[in-house]
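Participant: This is a predicted model, with the sequence first.
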Amino acid sequence: MRIWSIHPKYLDSRGLVALWRESLLAKTVLEGKTSGYRNHPQLDRFKTSLNPNVAINQYLSTIYDEALYRNFTFDSGKFSKSLISLSLTVTEGQLMYEFTHLLGKLKSRDVELYERLKSTNSIIPHPLFKVVKGEIEKWEIVKH
């Protein structure tokens, strides 16, 4: 499961669809509707938020908006829009790690997008996240 902290605009089509599916799975887990993935480390930041269900729905809303922008057909009935707006934190190190991880994937599966993104200096986070100073998050499974 990869719940990206970077903005979904950076993802290729395959990555955006995967993010949608995995985020819907995360929503099911956070709602207690499945026994699998309950202890997945990427869900910790949602679990510790003031309202995990609002946070994951807000997260899904941004993915949905990116899908609409790209003329994808995602089902808006899969998440709830909320009047409450939450903010979670993500470290600068985590954002950089994820962006580098994405570039590695894009290098082999979408070279054109890789070429456009490889010189990106300022990485925009998913709007749910506020960037704070720090290294890679403790919950990240670092691959070298």
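Facilitator: Yes, it's here.
Participant: just the helices in the chain please.
Facilitator: Remark: helices assigned in the chain by DSSP state H are 13-30, 44-47, 52-69, 92-109, 111-117.
Participant: Any idea how far the first one is from the middle of the chain?
Facilitator: Which is helix 13-30. A distance of 8 Å separates the centroid of the chain from that of helix 13-30, by CA atoms, centre = their mean, to the nearest Å.
Participant: can you check the fourth one too?
Facilitator: From the chain centre to the centre of helix 92-109 is a distance of 12 Å (CA atoms, centre = their mean).
Participant: related to what we said a few turns ago, so which of the helices of the chain is nearest residue 137?
Facilitator: Of all these, helix 92-109 sits nearest to residue 137, with 4.5 Å by CB to CB. The C-beta positions use only the backbone N, C-alpha and C, and glycine is treated the same way.
Participant: what packs against the closest one?
Facilitator: Helix 92-109 sits against helix 13-30, helix 111-117, strand 129-132, with contacts defined as 3 or more CB pairs under 8 Å, 6 or more residues apart in numbering; DSSP states H and E.
Participant: what is the rounded mean pLDDT of it?
Facilitator: Averaged across helix 92-109, pLDDT comes to 96.
Participant: Report the angle between that helix and helix 13-30.
Facilitator: Counting by axes from the mean of the first three to the mean of the last three CA atoms, to 10 degrees, helix 92-109 lies at 130 degrees to helix 13-30.
Participant: Give me the contact list for helix 92-109.
Facilitator: Residues from elsewhere that reach helix 92-109 (CB atoms under 8 Å, 6 or more residues apart in numbering): 4-6, 10-12, 14-15, 113-114, 117-118, 120, 123, 125, 131-137, 140, 142-143.
Participant: re the thing from before, would you mind putting the helices and strands packed on helix 92-109 into a markdown table with distance to residue 105 alongside?
Facilitator: Below are these laid out as a markdown table (distance: least, CB to CB, whole Å):
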| stretch | distance to residue 105 |
| --- | --- |
| helix 13-30 | 7 |
| helix 111-117 | 9 |
| strand 129-132 | 20 |
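Participant: Can you mark which positions in the one helix or strand in the chain whose mean pLDDT sits lowest are buried?
Facilitator: Ranking every helix and strand in the chain by mean pLDDT, DSSP states H and E puts helix 44-47 at the bottom, with a mean of 92. Under the neighbour-count criterion of 16 or more other CB atoms under 10 Å, helix 44-47 has 45-46 buried.
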